[in-house]
Structures are given as structure tokens and as C-alpha cells.
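**Q** prediction below, plus the sequence it came from.
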Amino acid sequence: MDIRPLTDAYAVAPQIAPEEVAAIRAAGYTTLINNRPDAEIPPALQSAAMRAAAEAAGLVFVDNPVIGGAISDANAAAQGAAIAAAAGPVLAYCASGNRSSIVWALSQAGRVATDDLVATAARWGYNLEPFRARIEAAAAG
């Protein structure tokens with residue numbers, strides 16, 4: 001498991017497995033956000049299996065499937081709502097953590113400077129430069 005904390009309250013990770021969920025809870029996370037569509041992954045990693053593991057470990061589970069190349073405003077809004085509702089740190093995952101970083105940045109547009117959002121993701125190897133104009137447009141409202 002490769003957890004990459006973007007902030008004290010939000011981290012991203014590449015795909016996790018059900019057997020890793022208890023360790024995620026033990027690390028202090030309270031909410032787990034799945035940003036992978038079920039069509040990308042085998043049944044053992046799909047939303048139903050991950051929800052069962054998360055809830056068994058005492059985590060809130062949010063399913064917000066993000067399609068690469070088709071990230072929607074609804075995805076960003078759902079990510080922001082899940083972050084805002086969380087009782088503690090959030091871990092979001094997808095294939096690499098990239099989509100989870102993009103929807104995080106879009107959800108935080110206007111609250112955090114675009115340069116800071118892009119730089120934060122870049123520290124973990126996620127290039128949000130192609131999304132800069134979209135982040136700025138979201139910030140402008």
C-alpha cells in the first residue's frame with residue numbers, strides 16, 4: 001500500500017485491496033473514497049467488495065467512479081462533499097492516485113490557490129498542469 005498524503009486531511013493511493021483496509025483504519029483514516037469504475041477492475045476489487053471491507057473496519061465508504069479522460073464536475077462535487085463530510089482524514093484511491101488528485105484539486109478550487117494545488121500534487125508525481133485552466137475556471141465559479 002502506497003499512501004501519498006496531499007494534505008494532513010487528504011491522501012491518495014493507487015488501487016488498494018480489501019485486506020489492506022484495516023491498516024488504513026489503523027493509520028487514522030476515517031473515510032475511504034473509491035475513484036475507480038467497476039468496469040476497470042476484477043470483482044474482488046470492485047465497489048461492493050471494497051465497501052464491505054471498509055464498513056467492517058469502521059470506515060465511511062464513498063463510491064465516486066471517475067472515468068479517465070472524462071472527469072466530470074459531478075465527480076469533483078462528490079469528492080468535495082465527501083471530504084467536507086469526513087470526520088477525519090480521507091484516503092481516496094484509483095489506479096495510480098492521479099484521478100483522485102485531480103478531483104481533489106477541482107473540489108478545492110477557490111479555497112486553495114491553483115498554484116498550491118498543482119504544486120502539492122506534483123510533489124507526488126501527479127501532473128495537474130493540463131487541468132490548470134479548469135481548476136482556475138472552477139475557482140472563478
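**A** Here it is on my side, so go on. Residues are numbered from 1 along each chain as shown.

**Q** what residues of the least confident helix or strand in the chain by mean pLDDT count as buried?
**A** When the helices and strands of the chain are scored by mean pLDDT, DSSP states H and E, helix 132-140 comes last with a mean of 93. Within helix 132-140, the residues that count as buried by 16 or more other CB atoms under 10 Å are R134, I135, A138, A139. No exception for glycine: its C-beta is placed from N, CA and C like everyone else's.

**Q** distance to R25 for these - can I get that in JSON lines?
**A** As requested, the buried residues of helix 132-140 are exported to JSON lines (distance: CB to CB, whole Å):
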{"residue": "R134", "distance to R25": "33"}
{"residue": "I135", "distance to R25": "31"}
{"residue": "A138", "distance to R25": "31"}
{"residue": "A139", "distance to R25": "33"}
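
**Q** looking at these, which is nearest A74?
**A** Proximity of the buried residues of helix 132-140 to A74, judged by CB to CB, is greatest for A138, which lies at 12.6 Å.

**Q** isn't the closest one right up against Q108?
**A** No - between A138 and Q108 there is no contact under CB atoms under 8 Å: 9.0 Å.

**Q** how about the CA coordinates for the longest helix along the chain, as PDB?
**A** In the chain, assigned by DSSP state H, the helix with the most residues is helix 73-85. Extracted C-alpha coordinates of helix 73-85, given in PDB (Å, rounded to 0.1, in the frame of the first residue of the first chain):
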ATOM      1  CA  ASP A  73     -17.900  18.400 -12.500                       C
ATOM      2  CA  ALA A  74     -20.200  16.000 -10.600                       C
ATOM      3  CA  ASN A  75     -17.100  13.900  -9.800                       C
ATOM      4  CA  ALA A  76     -15.400  17.000  -8.300                       C
ATOM      5  CA  ALA A  77     -18.500  18.000  -6.400                       C
ATOM      6  CA  ALA A  78     -19.000  14.500  -5.000                       C
ATOM      7  CA  GLN A  79     -15.300  14.400  -3.900                       C
ATOM      8  CA  GLY A  80     -15.600  17.800  -2.200                       C
ATOM      9  CA  ALA A  81     -18.800  16.700  -0.400                       C
ATOM     10  CA  ALA A  82     -17.200  13.500   0.800                       C
ATOM     11  CA  ILE A  83     -14.100  15.400   2.100                       C
ATOM     12  CA  ALA A  84     -16.300  18.100   3.800                       C
ATOM     13  CA  ALA A  85     -18.400  15.400   5.500                       C
END
